[in-house]
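Mind folding the following:
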Amino acid sequence: MTNNDDYYMGEDYYYKRSNEFETEVRFFILNLDENIDRQKRFIEEHRINGLSFTKNPTSANDKKMNEYYHLASDIVAGLNNGLLTLDLMHFHEIDSLDVLDCAPNLKRLKLHCKLKRPYDFTKLSMLEDLYVWYGKSFSGIFGCNSIKKLQIFKMDNYAVESIQNLVRLESLWIRQSSPTSIDGLRELKALKKLNFSHLLKLETIASIQECQTIEMLDINCCKKIADWDVIGKLRFLTELHICNCGVLDDVNFLKALEHLESVRIYGEKMKLVDGNVRWLYDMPRLRNIILPWRKDFDISLEEYRARN
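Predicted structure coming up:
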């Protein structure tokens, strides 16, 4: 067997360990198509408190998926409330999330499935980190105000409005959703990291100027945004990524960002019209600069490369 800082390797299985949530997390991926009793013994012997489930990718019929889920539920129940992290990423649709009643101390939860019956997420009063493919049955997540980190796919209008309830949120990643604006962000006064990815209908980011705690902003594949100047009002922004968002007229809005340390504007579908960019290199804290360079920039390609 092998032992190092990140992994414990046994004869048949291994777990990954990390010091998250102010305690050691021992994370094990359980294969639902292999010997369950053997894996359960490994879980018990090594005090596993983080679980993910995997399966044969060809086992896709509803009956088999239901069997998988009930088996996973039994395993979670057997951990006697000791589970800190749980990934339920390989189930198409499940009836309920009642299994979470057996894990009241969960800190991190990943859900990629459809849910037939809503769950009362307020029961998870310790939950800090949530990854979810959103649907109406998941609307209860907005009552779980302990969440600090949220990665959410397929947001609808209700979710956009309700996100303001997550007042402790520090990190938010909205992906593959279709809002035209994100007004609910106005109330997120603890937000430090914000990521928009593939929000194809997003036209305005005006609400982010109310979030003066934002330090890192990443916007990817959001081509309809028109009010880029709003970014210049984020006084404490240190890191900015803009990728494949179409045409930017200029980056003059960066001049007001005294704390900016890194700016990356890049991608095959990214164009910066105004080539007046040399002044960026005079910003006192800005050290990392990536731009969609063109011949008419006021800095040569050789100098641009040398400075980066």
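
Relative to Val263, how far out is the closest residue to Gly267 other than its chain neighbours?
With Cβ to Cβ, 6 or more residues apart in numbering as the criterion, Gly267 has its nearest non-adjacent residue at 3.6 Å, and that residue is Asn244. Where you see a C-beta, it was placed from the backbone N, CA and C, and this is true even at glycine. According to Cβ to Cβ, to the nearest Å, Asn244 and Val263 sit 16 Å apart.

do Ser162 as well
Ser162 sits at a distance of 32 Å from Val263 (criterion: Cβ to Cβ).

okay, the two: which has more neighbours?
Counted by other Cβ atoms under 10 Å, Ser162 and Val263 do not tie: Val263 has more neighbours, with 23 against 16.

Return the backbone torsion pair for the more buried one.
phi -130, psi 130 (degrees, to the nearest 10).

try Cys102
Per degrees, to the nearest 10, the backbone of Cys102 is at phi -90, psi 0.

Walking through this structure, point out its helices one by one.
36-45, 62-77, 157-162, 301-307 (DSSP state H).

can you redo those as JSON lines with distance to Leu88 and mean pLDDT?
Listed next are the helices of the chain as JSON lines, based on distance: least, Cβ to Cβ, whole Å; pLDDT from 0 to 100:
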{"stretch": "helix 36-45", "distance to Leu88": "16", "mean pLDDT": "90"}
{"stretch": "helix 62-77", "distance to Leu88": "7", "mean pLDDT": "79"}
{"stretch": "helix 157-162", "distance to Leu88": "19", "mean pLDDT": "83"}
{"stretch": "helix 301-307", "distance to Leu88": "46", "mean pLDDT": "83"}
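
Now render those as JSON lines, adding distance to Ala190.
Shown next, in JSON lines, are the helices of the chain (distance: least, Cβ to Cβ, whole Å):
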{"stretch": "helix 36-45", "distance to Ala190": "35"}
{"stretch": "helix 62-77", "distance to Ala190": "30"}
{"stretch": "helix 157-162", "distance to Ala190": "17"}
{"stretch": "helix 301-307", "distance to Ala190": "35"}
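
Quick one: closest of those to Lys149.
Closest to Lys149 of the helices of the chain, according to Cβ to Cβ: helix 157-162, at 16.2 Å.
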